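A.B. asks: Structure for this input, please:
(chains A and B, ligands or ions: 2)
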Amino acid sequence: MNFIVEMQGITKRFGVVEANQGIDFDLKPGEIHALLGENGAGKTTLMRILYGLYRADEGEIRVAGKPVVIHSPKDAIGLGIGMVTQHFTLVPPLSVVENVALGQEGAVTLDLDQMRQRVVDAAKRFGIEIKPDALVRHLSVGERQRVEILKSLYRNARVLILDEPTAVLVPQEVEALFQTLNKLRESGMALVFISHKLNEVMELCDRITVLRDGKKIGTVLRGETNEAELARMMVGRETFGVVRPAERRGGEVRLKLDKVNALDKKGLPALKNISLEVRAGEILGIAGISGNGQSELAQVLSGMLKPVSGTVWVDGKDMTGASPADFAAANIGRVPEDRHSGVVGDLSVAENLVLEHLEEFSRNGMMDYASVQKFAQKMIEDFQIKARPQDPIRTLSGGNMQKVLLARALAHKPRVLIVAHPTRGLDIGATDYVRSKLLEQREAGTAILMISEDLDEILALSDRIAVMYEGRIVGIVSGRRATPEVLGMMMSGALEVDYAEA
Amino acid sequence: MPRLKIERYPAPLWVRPLIPVISIVVTFLLTSLVVLALNKNPFEAFYYFLIAPLASQSSAIEVLVKSTPLLLTGAAVTFAFSAGYYNIGAEGQLLAGAVAAAGLGMVLQNVPPVLAIPIMIVGGFAAGMAYAAIPALLKTRLDVDEVVTTLLLNTVILFFISFLLNGVWRSPVSGWPQSPEIADSAIFPRLIPRTRLHLGFLLAWISIGAVWLVFRRTALGLRMRAVGLGKEAARFAGVKVEQTMLTAALISGGIAGLAGVSEVAGIHYHLIEAISNNFGYTGIIVAMLGALNPLGVSLAALFLGLLDTGAQTVSRAMGIPIYLGNIVQSALLLITLAALVLQNYRIRRE
Ligand SMILES: Nc1ncnc2c1ncn2[C@@H]1O[C@H](COP(=O)(O)OP(=O)(O)OP(=O)(O)O)[C@@H](O)[C@H]1O
Ligand SMILES: [Mg+2]
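C.D. replies: Residues are numbered from 1 along each chain as shown, chains lettered A, B, ... in the order given. Ligands and ions are numbered 1, 2, ... in the order given. Sure thing, here's the model as predicted:
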């Protein structure tokens, strides 16, 4: 047998939850092995066990045929196993070279030039493009990810685990990542690739293992399967895409921005004269390559960032520079860009669900925990969240956390809804579900502004699409007439469309 | 020789409740060395320290008396820390409450106790709150670090007290730096006759109860916990972070102020410079030992009250300096803090 990694009968329990139940998983050199499964299926848990972040309750691991015990990431790295998690472990104020070499230089004295040279050589050898002297905090998400990958390779990884690497990337970056991964495969490395996007898995991977509810459903070869079969294995039923019904002109203007300007964290202009209108019953999609002002737009519209000039109206009321509390009080539902910034990790699911509208769950300042519990139960059922009301929310899988945020934003029948990347990191079933919920809100007359980097999502849901480029809106087109090509050109700044057209 | 290495590895959950126990055991092992250095028997010393005070009813009640200010400052610190506001100023806020109590107590001569006592309580609470307001406003309006300001203000009020006691309030009778006695009607009634256990003990338990009630049952408490556990996420969810922190800081100051009232009206009946035996700082130990949990905090306060009493018993019985008590307390704080950090790591062979 020429397996480099064999995991056998892996079981992991968190209290009553069995996140992994007797899972077998193996890796061959020179393959990309996909790990598929719905949110909470146990993918991250299984890989965290291999990387030494969790200890399995049962089961054994062999590396290159020898049984091993992996206590910590250090052990894993020693065995040639690296992992790129969704939350990067880089040190932002240090340079790329320093980050890559960090902790690798044995001696007391550091030869900086030599260290730099080694890192640059390694990058060249693996064909990874980096800016060696740039500070990590100045890098885009895609660039940071490349540094993370290089960091593992620099430590002589033979096995590399990538947990949803594409969830944070724009299409161009995904292409570049795939090229890198293909090259690593050719060099004989074994890669684990976790993703919710079946087309990516079909394009890239050799073998595919599907998990469901902590159990292994099966491992299939790419050549012997198709997307429909994979989807069936994942969710146990057929899935259907969700597409917006016929386009329509919305009702009255609910959200209006007039020449809004705002600065980013570094104090540079991030939003330049943004003017927009969103009407009741329509979805306005905001497309664009990440880093072109979408984050700042979402922040301005949730009260986390004050514009330096311009006006924001909600329902005809001036909300410029209002606080998040004011936005919540005005019944503006908000789903943040980074879900971890929207939940208090150590509070329970139920407490996070009610935090935004505490006045509805308390009388004379006293909490009515019975109604909190009832509300949480209902949200968990309605949104199919895999968690109990009392679980600390930090223990939820990414997708389930997203559902909690969505439930919180939608539960109060918002007048206006601001969502950023609503389905990032969600499995197909959950994605369909979230999209259908957004469309339901649209039917109910909510004005929805949806920021997304996923063009398919933008095209499937938006009545109108505004494209952002370098902090400006370079055009608004109707959802009916938009094509990926036109949007792509607008997103790269090559084409501007007259506002009036849409 | 096998090489050892240290790595981050959080201790399992069941270890957490053991941490105070382990800290206490380690503390006693270490302080035994001090006792041995004095050529005394550590077992005997710890008998007088921990057991003897509980053996007689009168000294057992004295333990409760000693734990009264600690219950109050422990509750005060817990309030602020749980909301992410690091109030190191319970000491100063206690002194502010004491000043108010001494001042009010003097002018309440002809007021009946049913009025005088509530006035003392409300006045002390307000004084502690007002003194806490300065750093709290600096923090919530101008983002000035509260750890530094609350700590500095502890010294400022000591100077103010010294100014009062050596000036306008200097005792006309003895000339000592102590304020005139407060009115009889302003003195806290005794809970058990012929002991020093006074109304302040009841106030302390009410404060502990309030901590529990606020954090477990009220909307304000949930907001405070949210701010303490994740400030920006709480802000995103519409919690008014600054306002919530300010509220926590003010309540914390108020409760610390009560500790000052309780010492003046329950024990000394006048203000002296040494009115607080570092109760404000010990409150931090109490809150940390008790893991910011009302039950834990009460147990910690009672335990430290026992240590306080025990230090006197040891020194009386064995001629060991009373400072041993301070050494034990300080060692306990450092060891508890160390244990809280160390629980996240483990050592193992390469
Ligand atoms: N530290 C933890 N404590 C308690 N429960 C946990 C912990 N980590 C994971 N879980 C639970 O284990 C299950 C599997 O979670 P895991 O993160 O492995 O899912 P996943 O397949 O990676 O999902 P996603 O696609 O949403 O990232 C979930 O029910 C989750 O709530
Ligand atoms: Mg995961």
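A.B. asks: which residue packs closest to the residue in chain A that chain B sits nearest to, ignoring adjacent ones?
C.D. replies: Nearest residue of chain A to chain B (C-beta to the nearest C-beta) works out as residue A:328 at 3.2 Å. (Glycine included, C-beta is placed from N, CA and C.) Excluding its sequence neighbours, the residue lying closest to residue A:328 (C-beta to C-beta, 6 or more residues apart in numbering or on different chains) is residue B:238, at 3.2 Å.
A.B. asks: quick one: contacts for the one you found?
C.D. replies: By C-beta atoms under 8 Å, 6 or more residues apart in numbering or on different chains, the contact list for residue B:238 reads A:323-325, A:327-329, A:355-356.
A.B. asks: if we can go back for a sec, ok, how many other residues are close to the residue of chain A closest to chain B?
C.D. replies: Using other C-beta atoms under 10 Å in any protein chain shown, residue A:328 has 25 other residues around it.
A.B. asks: Is it in a helix, a strand, or coil?
C.D. replies: helix (DSSP: H, G, I helix; E, B strand; the rest coil).
A.B. asks: and stretch B:266-284, how far apart are its ends?
C.D. replies: Distance between the two ends of stretch B:266-284: 23 Å, counting by C-alpha to C-alpha, to the nearest Å.
A.B. asks: Residue A:46 reaches residue A:27, doesn't it?
C.D. replies: No: taking C-beta atoms under 8 Å as the definition, residue A:46 is not a contact partner of residue A:27, at 11.9 Å.
A.B. asks: The two: who's more crowded?
C.D. replies: Legend: neighbour count by other C-beta under 10 Å for residue A:46 and residue A:27, higher for residue A:46 (28 against 25).
A.B. asks: what element comes up after the host helix or strand of the more buried one heading to the C-terminus?
C.D. replies: Here residue A:46 sits within helix A:43-50, counting by DSSP states H and E. Using DSSP H and E, the helix or strand that directly follows helix A:43-50 along the chain is strand A:58-63.
A.B. asks: how about low-confidence regions in the stretch 351-500 of chain A?
C.D. replies: A:494, A:498-500 (pLDDT under 70).
A.B. asks: What parts of it come near ligand 1?
C.D. replies: A:386, A:395-399, A:427 (C-beta under 6 Å from any ligand atom).
A.B. asks: Longest helix in chain B, please.
C.D. replies: Assignment by DSSP state H gives helix B:113-142 as the longest helix of chain B.
A.B. asks: now for it, which elements pack on it?
C.D. replies: In terms of contacts (3 or more C-beta pairs under 8 Å, 6 or more residues apart in numbering or on different chains; DSSP states H and E), helix B:113-142 is packed against helix B:90-107, helix B:146-165, helix B:241-263.
A.B. asks: on that earlier part again, can I get the buried part of the contacts of residue B:238 as one PyMOL selection?
C.D. replies: Remark: buried members of those, expressed as a PyMOL selection using 16 or more other C-beta atoms under 10 Å in any protein chain shown:
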select buried, chain A and resi 323+324+325+327+328+355+356
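A.B. asks: Let me have the contacts of residue B:238 in TSV, extended by distance to residue B:94.
C.D. replies: Formatted as TSV, these follow (distance: C-beta to C-beta, whole Å):
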residue	distance to residue B:94
A:323	34
A:324	36
A:325	33
A:327	40
A:328	38
A:329	38
A:355	33
A:356	37
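A.B. asks: in the helix or strand hosting residue B:328, what counts as buried?
C.D. replies: For residue B:328, the host element (DSSP H and E) is helix B:323-342. Of the residues in helix B:323-342, B:324-333, B:335-336, B:339 count as buried by neighbour count, 16+ other C-beta under 10 Å.
A.B. asks: Serialize those to JSON lines and add fields for distance to chain A and pLDDT.
C.D. replies: JSON lines is the format used below for those (distance: C-beta to the nearest C-beta, whole Å; pLDDT from 0 to 100):
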{"residue": "B:324", "distance to chain A": "39", "pLDDT": "81"}
{"residue": "B:325", "distance to chain A": "36", "pLDDT": "78"}
{"residue": "B:326", "distance to chain A": "35", "pLDDT": "79"}
{"residue": "B:327", "distance to chain A": "35", "pLDDT": "84"}
{"residue": "B:328", "distance to chain A": "33", "pLDDT": "83"}
{"residue": "B:329", "distance to chain A": "30", "pLDDT": "76"}
{"residue": "B:330", "distance to chain A": "30", "pLDDT": "80"}
{"residue": "B:331", "distance to chain A": "30", "pLDDT": "85"}
{"residue": "B:332", "distance to chain A": "26", "pLDDT": "81"}
{"residue": "B:333", "distance to chain A": "24", "pLDDT": "75"}
{"residue": "B:335", "distance to chain A": "25", "pLDDT": "85"}
{"residue": "B:336", "distance to chain A": "21", "pLDDT": "79"}
{"residue": "B:339", "distance to chain A": "20", "pLDDT": "81"}
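A.B. asks: from those residues, which is closest to ligand 1?
C.D. replies: If you rank those by distance to ligand 1 using C-beta to the nearest ligand atom, residue B:339 comes first, at 22.8 Å.
A.B. asks: Please tell me I have it right and the closest one contacts residue B:19.
C.D. replies: Yes: at 5.0 Å, residue B:339 counts as touching residue B:19 under the criterion of C-beta under 8 Å.
A.B. asks: I'd like to know how far the residue sitting nearest the centre point of chain B sits from chain A.
C.D. replies: Taking C-alpha atoms, centre = their mean, the centroid of chain B lies closest to residue B:283, which sits 2.3 Å from it. Look at residue B:283 and chain A: by C-beta to the nearest C-beta, to the nearest Å, they are 24 Å apart.
A.B. asks: Contacts only, for that residue.
C.D. replies: Residue B:283 neighbours (C-beta under 8 Å, 6+ apart): B:70, B:72-74, B:76-77, B:90, B:256, B:259.
A.B. asks: Is ligand 1 within reach of stretch A:35-47?
C.D. replies: Yes: Stretch A:35-47 comes into contact with ligand 1 (C-beta under 6 Å from any ligand atom), by way of A:37, A:39-45.
A.B. asks: what about that stretch, average pLDDT?
C.D. replies: Computed over stretch A:35-47, the mean pLDDT rounds to 90.
A.B. asks: And the strands in the stretch 151-300 of chain A, which stretches?
C.D. replies: Along the stretch 151-300 of chain A, counting by DSSP state E, counting those that start in this stretch, strands occupy A:159-163, A:190-194, A:207-212, A:215-221, A:253-263, A:269-279, A:283-287.
A.B. asks: Output those as a markdown table; include the columns distance to residue B:251.
C.D. replies: Formatted as a markdown table, the strands of the stretch 151-300 of chain A follow (distance: least, C-beta to C-beta, whole Å):
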| stretch | distance to residue B:251 |
| --- | --- |
| strand A:159-163 | 43 |
| strand A:190-194 | 47 |
| strand A:207-212 | 49 |
| strand A:215-221 | 50 |
| strand A:253-263 | 36 |
| strand A:269-279 | 39 |
| strand A:283-287 | 43 |
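A.B. asks: Please work out which of those strands is packed deepest.
C.D. replies: For the strands of the stretch 151-300 of chain A, the largest average neighbour count (mean count of other C-beta atoms under 10 Å in any protein chain shown) is found in strand A:283-287, namely a mean of 26.
A.B. asks: That one versus strand A:253-263: what angle between them?
C.D. replies: Here the directions of strand A:283-287 and strand A:253-263 differ by 20 degrees (axes from the mean of the first three to the mean of the last three C-alpha atoms, to 10 degrees).
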